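> Provided below are the primary sequence and the corresponding predicted coordinates.
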Amino acid sequence: MKRRIGRIARRAILSLVALVASAGAIALYPGTPRQITFPDGKRFAFTIVDDTDQATLARMQPIYDVLYRAGLRTTKTVWALQTGPEAVPTDQGESLQDAGYRDWVVDLQRKGFEIGLHGVRGGSSDRATIQAGLDLFQRTLGASPRLHVNHALNRENLYWGEARWWFPPFRWAFAAGRQHRFEGEVPGTPYFWGDLARERLRYVRRFTYKNINLMRVNPWMPYRVPGMNYVPYWFEGSDGGSIDQFEQLLSNENLDRLEDEGGVTLVYAHLGAGSFNTGDQANPRFVARIEAVAKRRGWFVPASTLLDYLAAQPGWTPEPTARQQLHLEARFILDRLF
């Protein structure tokens, strides 16, 4: 009962704050996206950041066969270690400790896909476990992960929960209804690994949006957030979590707009969670959308390659202004509420 009341209170406070901020968010909307010139005359940039929840070799192999044949090179996150003892269903999936899956992941990297991190395992991990997972990742794949995505309710998540927010009213609203603690950036706790993250990672995902062209949402990406010093750079994603969201996001109309605007999208998807498969094959709806993307004049590279490129372009500034930071956070809340 207390948990339910807490959820209701948080939603009420957050809704009020979001409505007050909405007028400002609309006023701050960047009407003209950042203009990027892509290599080899390509007209837009497209990649996928694949969340590894529930991923198995049986589910993943047909999905990545489709991507490989289409000429798309994307980013797949992995868990280095087997699921923790307190796991919930979304913590399930294979890891680099599973021999067949590990060999397949190494082969993916050889084919040009990026391998990122989704925490070292499904379920919370203390610092010693995180260190072991990072070391295993490096031994297996030859280098530390450049890209990381926080996983669900893992206690070691970096700047998650109320700490995800820069704008104080948003942070206070989330703290008021807090149900879970996240302490990856808090020195002195068993879950602290912020120093390791700063040394080994480069990019961490922060928000996802419903807009296919992220340059219309965050033309400053990749970027820093004041006070979040253990994350070198943040990036955003476009919502494509389930096959329904993926299909809607990559509609022909949206792809036309992405190409016309010379835009950038990093689709955030759960390719291993089940909806992207039909039996032992890739879902035909997924295949159709990938083929529609591949027919266009897009630049198809992994996420870190794309983010490196954006950071090297004229006019990039890694530290958005206070007004721009507010815009990003208010836009995310409005996307969720409306």
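Yes, it's here.
> Helices of the stretch 151-300 of the chain, start to end?
Using DSSP state H, counting those that start in this stretch, the helices of the stretch 151-300 of the chain run over 168-176, 194-200, 243-249, 252-260, 284-294.
> the inter-axis angle of the last one versus helix 252-260?
Meaning helix 284-294. Angle, helix 284-294 to helix 252-260, by axes from the mean of the first three to the mean of the last three Cα atoms, to 10 degrees: 30 degrees.
> Counting by contacts, list what helix 284-294 packs against.
Using 3 or more Cβ pairs under 8 Å, 6 or more residues apart in numbering; DSSP states H and E, the elements in contact with helix 284-294 are helix 57-70, helix 243-249, helix 252-260. C-beta coordinates here come from the backbone N, C-alpha and C atoms, glycine included.
> Tally up the residues packed near the residue lying closest to Ala303 once chain neighbours are set aside, please.
The spatially closest residue to Ala303, leaving aside those adjacent along the chain, is Thr75, at 4.1 Å (Cβ to Cβ, 6 or more residues apart in numbering). When counting by other Cβ atoms under 10 Å, one arrives at 25 neighbours for Thr75.
> And Ser95, by the same measure?
Ser95, neighbours per other Cβ under 10 Å, totals 21.
> That one: what's it in contact with?
Ser95 is in contact with Val78, Trp79, Ala80, Leu81, Gln82, Thr83, Tyr101, Arg102, Arg121, counting by Cβ atoms under 8 Å, 6 or more residues apart in numbering.
> Most neighbours of all those residues, which one?
Neighbour counts for the contacts of Ser95 peak at Trp79, which has 29 neighbours (criterion: other Cβ under 10 Å).
> In the chain, which residue is most central in space?
Nearest residue to the geometric centre of the chain (Cα atoms, centre = their mean): Arg205, 4.2 Å.
> Let me know the pLDDT of the closest residue to it other than its chain neighbours.
Excluding its sequence neighbours, the residue lying closest to Arg205 (Cβ to Cβ, 6+ apart) is Val149, at 4.6 Å. Looking at Val149, its pLDDT reads 98.
> From Leu136, how far out is Val149?
Per Cβ to Cβ, to the nearest Å, Val149 is found 18 Å from Leu136.
> who's more crowded, those two?
Taking neighbours as other Cβ under 10 Å, Val149 and Leu136 compare with Val149 leading, 24 against 17.
> Now for the more buried one: which residues touch it?
Val149 touches Val49, Asp51, Thr77, Gly116, Leu117, His118, Val204, Arg205, counting by Cβ under 8 Å, 6+ apart.
> Can you tell me the closest non-neighbouring residue to the fifth one?
Nearest-residue entry for Leu117: Pro145, 4.0 Å, with adjacent residues in sequence omitted and distances by Cβ to Cβ, 6+ apart.
> Report how many residues lie close to that neighbour.
Pro145: 26 neighbours (other Cβ under 10 Å).
> Ok, Arg73 next?
18.
> Next one, pLDDT for it please.
For Arg73, the model assigns a pLDDT of 98.
> Check whether Trp234 really touches Tyr203, as I assumed.
Yes - at 7.4 Å, Trp234 and Tyr203 qualify as touching, with contact defined as Cβ atoms under 8 Å.
> which one of the two has more residues nearby?
Between Trp234 and Tyr203, counted using other Cβ under 10 Å, Tyr203 has the larger neighbour count: 27 against 22.
> The more buried one: what's it in contact with?
Arg146, Leu147, His148, Pro222, Pro232, Tyr233, Trp234, Phe235, Ala303, Ser304, Leu307.
> how far away is Ser124 from Gly184?
Distance from Ser124 to Gly184, by Cβ to Cβ: 10 Å.
> Then Ala175?
Note on Ala175: its distance to Gly184, by Cβ to Cβ, is 17 Å.
> Looking at the helices of the stretch 151-300 of the chain, which is nearest to Leu158?
With Cβ to Cβ, the closest approach to Leu158 among those belongs to helix 194-200: 5.9 Å.
> Quick one: residues in contact with the closest one.
Outside of helix 194-200, the residues within contact range by Cβ under 8 Å, 6+ apart are 127, 130-131, 134, 144-145, 148, 158, 184-187, 204, 229-232.
> which of those count as buried?
Neighbour-count burial (16 or more other Cβ atoms under 10 Å) is assigned, among the contacts of helix 194-200, to 127, 130, 134, 144-145, 148, 158, 184-186, 204, 230-232.
> Distance check, Gly307 against Gly237.
Slight slip there: residue 307 is Leu, not Gly. 11 Å.
> Repeat that for Pro85.
Distance, Pro85 to Gly237, using Cβ to Cβ: 30 Å.
> okay, the two: which has more neighbours?
Remark: of Pro85 and Gly237, Gly237 carries more neighbours, 23 against 7, as counted by other Cβ under 10 Å.
> For that one, give me its contacts.
Gly237 is in contact with Val49, Arg205, Phe207, Thr208, Tyr209, Leu214, Leu266, Val267, Tyr268, counting by Cβ under 8 Å, 6+ apart.
> cool, Asp239 as well?
When contacts are counted by Cβ under 8 Å, 6+ apart, Asp239 touches Thr208, Tyr209, Lys210, Gln245, Leu249, Tyr268, Asp335.
> if we go to 7 Å?
The neighbours of Asp239, taking Cβ atoms under 7 Å, 6 or more residues apart in numbering as the test, are Thr208, Tyr209, Lys210, Gln245, Leu249, Tyr268.
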